[in-house]
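Asks: Could you work out the structure for the sequence below:
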Amino acid sequence: MDSKYYNECKILIIDDERDLLNLLETFFKKEGFINIFKADQGKKGVEICKNENPDIVILDVMLPDMDGFEVCRRLREFTYVPILFLSAKEEEVDKILGLGIGGDDYITKPFSLKEVAFRIKAQLRRMHYIENDAKSNEKLKKYQIGNILIDEEKSEVQKNGVSIDLTAKEYQLLLLFAKNLNRIMSKTGIYESIWGEDYLGDDNTIMVHIRHLREKLEDDPGNPKYLITVKGLGYKLVTKGA
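Replies: Model (predicted):
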């Protein structure tokens, strides 16, 4: 990826530890990121996000005015920007909650600064590739699957004519399935396409996103008719009756 691309990207860090804020800012600048915004409270972070429209948000779970999960919920009311959680909590339930409410990644403290930078770049690469793919098409497509409409040009999904709020990862995942309609997508292929990393067998990340997609798209999430599990192979999006 061209270093100029990273120079132009905006990073918002929301964390109440001033030393950590400054440490991350210094390290990110060494990694080629110039536009760094910082907030030590959740409410302030939401306002900065509205005003600056960052390309990625680094969000601490433990904040003085509201927890990071609530901040994430508020951000998802107006933006699909990738959100990377930082937390001292290692419990699986917290990771699942963070991913389930709209987070795109979750790193527990203490962490490697290099790892955080790698994960940020992986998220930005994925967004960059998706944007370039969209621009390369003369005409972006609309996908109709039963009562579900995916409008790629508007990055909008509707069910029965009503818009559905999806996280960035949920939208990317649904679009990946739509472009491979009726084809089985392996977990490895899904993870590498959406998260931009090698699949190491972490089923929870994929399962959480699939479950939330079903909750938003299916009339009966427990008995899905569109987003189907193919036991032992992966998942596929099918047209009604396929």
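Asks: alpha carbons only for contacts and neighbour counts from here, please
Replies: Noted.
Asks: And for stretch 177-189, what's in contact with it?
Replies: 143, 198-199, 203, 206, 230, 233-239, 242 (Cα atoms under 8 Å, 6 or more residues apart in numbering).
Asks: Contact partners for Leu213?
Replies: Contact analysis of Leu213 by Cα under 8 Å, 6+ apart lists 166, 170, 174.
Asks: got JSON lines for those residues, with pLDDT and neighbour count too?
Replies: Converted to JSON lines, those look like this (pLDDT from 0 to 100; neighbours: other Cα atoms under 10 Å):
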{"residue": "Leu166", "pLDDT": "92", "neighbour count": "22"}
{"residue": "Glu170", "pLDDT": "93", "neighbour count": "21"}
{"residue": "Leu174", "pLDDT": "94", "neighbour count": "19"}
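Asks: for the residues you listed, which one is nearest Phe85?
Replies: The shortest gap between Phe85 and any of those belongs to Glu170, at 16.7 Å (Cα to Cα).
Asks: Let me know the secondary structure of the closest one.
Replies: Secondary structure, DSSP: H, G, I helix; E, B strand; the rest coil: Glu170 is helix.
Asks: In which helix or strand does Ile13 reside?
Replies: Assigned by DSSP states H and E, Ile13 falls within strand 10-14.
Asks: in its sheet, what does the helix or strand where Ile58 lies sit against?
Replies: For Ile58, the host element (DSSP H and E) is strand 56-60. Take DSSP bridges as the rule and strand 56-60 pairs in its sheet with strand 10-14 (parallel), strand 83-87 (parallel).
Asks: returning to that earlier point: tell me which helix or strand comes right after the strand holding Ile13.
Replies: Next along the chain after strand 10-14, taking DSSP H and E as the criterion, comes helix 18-30.
Asks: Can you show me the helices along this structure?
Replies: With helices called from DSSP state H, the chain shows them at 3-8, 18-30, 42-52, 68-75, 92-100, 113-136, 168-178, 187-195, 203-217.
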